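A.B. asks: please work out how this folds:
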Amino acid sequence: VPAVVQNNLFKRTQMQTSFSGNFLALMGGGTSPQRFTLRSALDAFLDFRFETVRRKVAHDLSRVSSRDHIVDGLLKSLSGLDFVIATIRSAPDAASAVTSLRSELGLSKEQADAVLKLQLGQLTRLNKEKLEKEKETLTAEIASLTTLMEDDASVRSFISAELLDLKGKHAVERRTRISEE
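C.D. replies: Here you go, the predicted structure:
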């Protein structure tokens with residue numbers, strides 16, 4: 001008897017509704033339309049997120065590595081601060097100061113430019129402990145970003161954490177209550 005009641009409910013109400021759908025999207029660089037199943041659409045989305053996270057991490061790694069390189073140059077210039085100040089003051093132009101700093105301290109062009117962009121007052125007030133602390137945090141960040149670039153499992157866990165964060169921000173409790181009456 002319960003099966004008969006259930007079948008009548010399904011037949012006469014909207015407790016069970018089926019509908020057809022045409023799940024079509026552009027794939028392959030947006031050039032070819034393709035029909036998807038739910039599973040293949042989810043796989044395509046996850047592949048897209050994987051590639052997006054890798055690109056974002058590559059950009060962040062480049063930015064952090066660049067800053068790390070500059071901090072290295074600032075630390076080198078702090079070790080020979082008197083020489084750096086004398087070189088900058090005695091140089092006729094910026095190009096000769098860059099050349100002198102590069103040859104004497106072994107700085108790269110970017111590092112020498114960063115030292116020259118600082119005003120003399122800023123150069124003398126640079127805090128070595130602060131720069132070393134920044135260097136440590138940059139090194140740790142580079143290590144974590146390198147792990148994300150090299151390890152697929154860490155990228156998947158990063159994506160999972162992002163999705164859980166979105167769920168925490170946007171999830172809404174169920175408004176209807178299910179009772180056993």
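
A.B. asks: could I get the full set of helices for the chain?
C.D. replies: Assigned by DSSP state H, the helices in the chain fall at 2-12, 38-79, 81-90, 94-105, 109-117, 120-125, 128-150, 152-170.

A.B. asks: select from those helices the stretch with the lowest mean pLDDT.
C.D. replies: Ranked by mean pLDDT, the helices of the chain bottom out at helix 120-125, which scores a mean of 71.

A.B. asks: just checking, residue 25 touches residue 32?
C.D. replies: No. Between residue 25 and residue 32 there is no contact, the gap being 10.1 Å when judged by Cβ atoms under 8 Å. C-beta coordinates here come from the backbone N, C-alpha and C atoms, glycine included.

A.B. asks: comparing the two, which shows the higher neighbour count?
C.D. replies: The residue with more neighbours, out of residue 25 and residue 32, is residue 25; 13 against 8, by other Cβ atoms under 10 Å.

A.B. asks: what's opposite the more buried one in the beta bridge?
C.D. replies: Counting by DSSP bridges, residue 25 is bridged to residue 34.

A.B. asks: and it, how far is that from residue 42?
C.D. replies: In this view, residue 25 and residue 42 are 12 Å apart by Cβ to Cβ, to the nearest Å.

A.B. asks: check contacts around residue 69.
C.D. replies: 108, 110-111 (Cβ atoms under 8 Å, 6 or more residues apart in numbering).

A.B. asks: just the buried subset of the residues you listed, please.
C.D. replies: residue 111 (16 or more other Cβ atoms under 10 Å).

A.B. asks: want to throw the contacts of residue 69 into a markdown table with distance to residue 46?
C.D. replies: Formatted as a markdown table, the contacts of residue 69 follow (distance: Cβ to Cβ, whole Å):
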| residue | distance to residue 46 |
| --- | --- |
| 108 | 40 |
| 110 | 38 |
| 111 | 41 |
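
A.B. asks: of the contacts of residue 69, closest to residue 174?
C.D. replies: Closest to residue 174 out of the contacts of residue 69 is residue 110 (55.3 Å), distances taken as Cβ to Cβ.

A.B. asks: let me see the contact set for that closest one.
C.D. replies: 66, 69-70, 73.

A.B. asks: okay but residue 158 is in contact with residue 148, surely?
C.D. replies: Yes. Counting by Cβ under 8 Å, residue 148 is a contact partner of residue 158 at 6.3 Å.

A.B. asks: joint contacts of the two?
C.D. replies: In contact with both residue 158 and residue 148: residue 53, using Cβ under 8 Å, 6+ apart.

A.B. asks: for residue 30, what are phi and psi?
C.D. replies: phi 80, psi 20 (degrees, to the nearest 10).

A.B. asks: for it, give its distance to residue 173.
C.D. replies: On the measure of Cβ to Cβ, residue 30 and residue 173 end up 38 Å apart.
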